[in-house]
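# got a sequence here, can you model it:
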Amino acid sequence: MSKVLITGSQGFIGSYLCAEFLSKGYKVVGVDNFSKYGPITRPHDNHPNFHLIEMDVIDFDANNILPELQDVEYIISGAAMIGGITYFHKYAYDLLATNERIMASTFDLAIKLHEKGILKRIVALSSSMVFENTTVYPTPEVNVKTCAPPMSTYGFQKLAVEYFCKGAHEQYGVPYTIIRPFNCVGVGEEDAIGEHEVLSGNIKLMMSHVLPDIINKILKGQDPLHILGTGEQVRCYTNGKDIARGIRMALESEKSLNEDFNISTPVATSVKELAEVVWNILNPGKPFSTVSDEAYEYDVQRRIPNTSKAQELLGFEAEVGLEESVREVIEYMRGKE
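Numbering: from 1, shown residues only. Next up, the predicted model:
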């Protein structure tokens with residue numbers, strides 16, 4: 001039974017990863033310091049093959065490796081300081097500095113385990129934000145080499161994650177795979193500690209992710225619906241189960257060794273189209289109308305990946321459609337009311 005370390009295991013994508021790997025027979029060690037949501041329980045917590053270490057990844061000591069980590073064959077580096085658009089810029093320096101320390105600590109551990117002949121691979125979670133300034137759509141992986149670097153410190157640091165992979169491989173021979181998830185949607189997303197409330201029409205929101213915010217406003221009866229900017233911003237909303245499955249397929253494939261992948265649905269949806277899907281589920285037959293709130297200065301207008309590389313090399317295709325994802329999140333949010 002292979003053993004995988006998932007940093008940020010109690011986070012949004014991390015919880016999907018734990019569920020995916022446990023369902024496939026892996027032993028999973030999760031590391032999380034609960035800094036994003038505070039103390040939180042996840043469905044995988046009581047699984048017999050799951051062990052949680054509550055600590056900050058920055059505190060890993062590669063020269064005195066914890067007993068639970070000494071036989072780890074795979075590392076998935078998911079821990080990061082992360083939030084919504086406002087969070088990126090409110091904590092521009094802290095986010096950059098903290099995430100660099102997290103990555104250095106994680107890779108120090110990976111290098112030591114590789115030198116001992118134990119580690120088979122590190123899978124690093126980058127972000128679609130490395131393509132913040134691309135002009136090529138759908139965006140292929142190779143475009144990261146030619147497009148202008150990201151403007152946000154978050155996007156720039158995610159690009160640095162990819163260079164941690166390349167540096168550790170070039171100097172120490174550490175095998176890696178880079179994953180760029182695009183706009184994960186699903187259950188388990190909570191308000192991040194440190195997010196600040198903003199007024200959207202008559203409703204205060206934490207502005208964490210667009211889908212929960214839209215659902216929240218419609219559940220509270222907002223009509224017309226307030227959306228940021230024109231609503232023409234385009235994303236590829238990918239269910240967390242699909243992202244986790246794609247990451248596992250990449251980890252298990254020899255074809256992904258020292259490669260990078262966009263893991264996403266190829267289906268592009270505007271914010272206004274997403275809002276209308278939610279509206280029609282919650283308010284069937286009721287006319288849909290919107291009001292534009294002032295757009296964020298830094299909001300990226302288009303994020304559309306080319307997913308052919310993952311399809312051709314891994315056999316990965318997203319399976320969960322947008323409406324199914326929306327219904328999952330609606331049910332989850334109603335359960336919290």
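# from here on, contacts and neighbour counts on C-alpha atoms
Fine.
# most distant residue from the middle of this structure?
residue 285 (34.1 Å; Cα atoms, centre = their mean).
# ok, it to residue 276 distance?
According to Cα to Cα, to the nearest Å, residue 285 stands 12 Å off from residue 276.
# which neighbours do those two share?
Counting by Cα atoms under 8 Å, 6 or more residues apart in numbering, residue 285 and residue 276 have no contacts in common.
# quick check: buried residues in the top helix by length along the chain?
Secondary structure of the chain per DSSP state H: the longest helix is helix 92-115. For helix 92-115, a neighbour-count test (16 or more other Cα atoms under 10 Å) marks 95-96, 99-100, 102-114 as buried.
# can you check stretch 238-258 too?
For stretch 238-258, by 16+ other Cα under 10 Å, it's 238-251, 256-258.
# just to revisit the earlier point, give me the three-state assignment for the residue farthest from the centre of the chain.
Secondary structure, DSSP: H, G, I helix; E, B strand; the rest coil: residue 285 is coil.
# for it, give me the pLDDT.
Per-residue confidence at residue 285 stands at 96 (pLDDT).
# now residue 72
Listed pLDDT for residue 72 reads 98.
# which residue sits closest to it, ignoring its sequence neighbours?
residue 3 (5.2 Å; Cα to Cα, 6 or more residues apart in numbering).
# how about the one you found, what does it touch?
26, 27, 28, 29, 71, 72, 73, 74.
# bridging across strands, which residues link to it?
residue 27 (DSSP bridges).
# can you pull the phi/psi pair for the residue farthest from the centre of the chain?
Torsion angles at residue 285 (phi, psi; degrees, to the nearest 10) stand at phi 80, psi -10.
# flag the shaky bits of the stretch 151-300 of the chain, pLDDT-wise.
Counting by pLDDT under 70, the stretch 151-300 of the chain contains low-confidence ranges at 191-208.
# just the strands in it please.
176-181, 184-185, 198-200, 203-205, 225-228, 234-235, 238-239, 259-263, 269-270, 290-293 (DSSP state E, counting those that start in this stretch).
# report the buried residues of the fifth one.
Across strand 225-228, burial judged by 16+ other Cα under 10 Å covers 225, 226, 227, 228.
# and it, what does it pack against?
helix 210-219, strand 290-293 (3 or more Cα pairs under 8 Å, 6 or more residues apart in numbering; DSSP states H and E).
# list the buried residues of the shortest one.
Across strand 290-293, burial judged by 16+ other Cα under 10 Å covers 290, 291, 293.
# ok, the nearest residue to residue 300 once chain neighbours are set aside - how many residues close by?
Leaving aside its sequence neighbours, residue 300 sits nearest to residue 132 (Cα to Cα, 6+ apart; 6.5 Å). Neighbourhood size, residue 132 [other Cα atoms under 10 Å]: 23.
# isn't residue 132 up against residue 156?
No: taking contacts as Cα atoms under 8 Å, residue 132 lies outside contact range of residue 156: 9.3 Å.
# first vs last residue of stretch 79-95, how far apart are they?
Terminal residues of stretch 79-95 are spaced 12 Å apart (Cα to Cα).
# what segments of this structure are helices?
So, for the chain - with DSSP H - the helices run 12-23, 85-90, 92-115, 153-172, 210-219, 240-252, 271-282, 308-314, 322-336.
# what about residue 178, neighbour count?
Here the number of neighbours of residue 178 (other Cα under 10 Å) works out to 27.
# wait, what's in contact with the nearest residue to it once chain neighbours are set aside?
Of all residues not flanking residue 178 in the chain, residue 260 sits nearest, at 4.4 Å (Cα to Cα, 6+ apart). Going by Cα under 8 Å, 6+ apart, residue 260 touches 141, 177, 178, 179, 180.
# just flag the most distant two among those residues.
141 and 177 (12.5 Å; Cα to Cα).
# neighbour-wise, which of these two wins?
residue 177 (24 against 21).
# relative to residue 238, how far out is the more buried one?
20 Å.
# quick revisit: adding distance to residue 328, write the buried residues of strand 225-228 out as a markdown table.
Putting the buried residues of strand 225-228 into a markdown table (distance: Cα to Cα, whole Å) gives the following:
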| residue | distance to residue 328 |
| --- | --- |
| 225 | 21 |
| 226 | 22 |
| 227 | 21 |
| 228 | 23 |
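# roughly how far does the residue nearest to residue 178 sit from residue 123?
Counting by Cα to Cα, the gap from residue 260 to residue 123 is 10 Å.
# common neighbours of these two, please.
177, 178, 179.
# how about the nearest residue to residue 209, chain neighbours excluded?
Nearest non-adjacent residue to residue 209 (Cα to Cα, 6+ apart): residue 84, at 6.0 Å.
# mind pulling up the pLDDT for the one you found?
At residue 84, the pLDDT value in this model is 72.
# what's the burial count for it?
Residue 84 has 15 neighbouring residues, counting by other Cα under 10 Å.
# which residue packs closest to residue 101, ignoring adjacent ones?
Using Cα to Cα, 6+ apart and skipping the chain neighbours, the partner closest in space to residue 101 is residue 58 (6.0 Å).
# what number of residues lie near that neighbour?
So residue 58, with other Cα under 10 Å, has 16 neighbours.
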